[in-house]
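Trainee: Below are the sequence and a predicted model; questions follow.
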Amino acid sequence: GAGVSQSPSNKVTEKGKDVELRCDPISGHTALYWYRQSLGQGLEFLIYFQGNSAPDKSGLPSDRFSAERTGGSVSTLTIQRTQQEDSAVYLCASSSLKVGQETQYFGPGTRLLVL
Amino acid sequence: AQKVTQAQTEISVVEKEDVTLDCVYETRDTTYYLFWYKQPPSGELVFLIRRNSFDEQNEISGRYSWNFQKSTSSFNFTITASQVVDSAVYFCALSVSNSNSGYALNFGKGTSLLVTP
């Protein structure tokens, strides 16, 4: 079946603009995760969705970041008033929550460059 | 808190050599999961293997093998007879179940493997 997809693949924006990143998980996967990969910080976890609910948003880097998931499927990560330090690759992963099937499968990522 | 250490930042080998990538982890949880992911130049993270803390059996998949030792908190990855296509960054990761973060992965910094002809 289809894997995790993300759009756009690349995004160049000007400082101060808002951006929206989209993730389409593997069909039937209840869990969805957002990570950020940057040179300085490596791979860091941002937020987890179980269905449409995100129990804890404290991993988001700042209050300029928000995320939502609708219909237990597509998720969007929104960054408001982008800053240069937001430049990174944003990765989405999904998994089942059934015992023994918690492996996360990743999308190709969105490369964000804030000028 | 969970922590994963990959002490080798970069490794360079010649094709057909064997290479071992080291991974050491820290956790106080008794139930946890260990993973290896491969990130080729294209950038996508590709799942390689998952082990749970109750299964110390080593695993072999083709040229790949994994050695899980709880006594030393290590989960090392060996590529036998390396090939140019093995060139990538390899990440070791640890997860535990948490109601707030699900099975969120704690990644090591990664080891960049370069295999030259």
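Mentor: Right, received. Where do you want to start?
Trainee: How about the secondary structure of the most centrally placed residue in chain A?
Mentor: Centroid-nearest residue in chain A, with Cα atoms, centre = their mean: A:W34, separated by 3.3 Å. Of the three states, A:W34 takes strand under DSSP: H, G, I helix; E, B strand; the rest coil.
Trainee: which residue sits closest to it, ignoring its sequence neighbours?
Mentor: Setting aside the residues directly before and after it, A:W34 is nearest to A:L46 in space (Cβ to Cβ, 6 or more residues apart in numbering or on different chains), at 4.2 Å. In this view, the C-beta of every residue, glycine as well, is placed from N, C-alpha and C.
Trainee: Sticking with that neighbour, tell me its helix or strand.
Mentor: If you go by DSSP states H and E, A:L46 is part of strand A:42-50.
Trainee: follow-up on the earlier one: hmm, A:L60 and the residue nearest to A:W34 touching each other?
Mentor: Yes: using Cβ atoms under 8 Å, A:L46 is in contact with A:L60, at 5.8 Å.
Trainee: So, low pLDDT: which residues of chain A?
Mentor: A:1 (pLDDT under 70).
Trainee: helix or strand for whichever residue of it sits closest to chain B, which one?
Mentor: Nearest residue of chain A to chain B, counting by Cβ to the nearest Cβ: A:D56, 3.6 Å away. Using DSSP H and E, A:D56 sits within no helix or strand.
Trainee: I'd like the next helix or strand past the strand holding A:L46.
Mentor: Next helix or strand after strand A:42-50 toward the C-terminus (DSSP H and E): strand A:65-69.
Trainee: Relative to chain A, how far out is B:A93?
Mentor: 8 Å (Cβ to the nearest Cβ, to the nearest Å).
Trainee: now for the helix or strand encompassing that residue, which elements pack on it?
Mentor: Using DSSP H and E, B:A93 maps to strand B:88-95. Strand B:88-95 makes packing contacts with strand B:3-5, strand B:33-39, strand B:74-79, strand B:106-107, strand B:111-116 when contacts are defined by 3 or more Cβ pairs under 8 Å, 6 or more residues apart in numbering or on different chains; DSSP states H and E.
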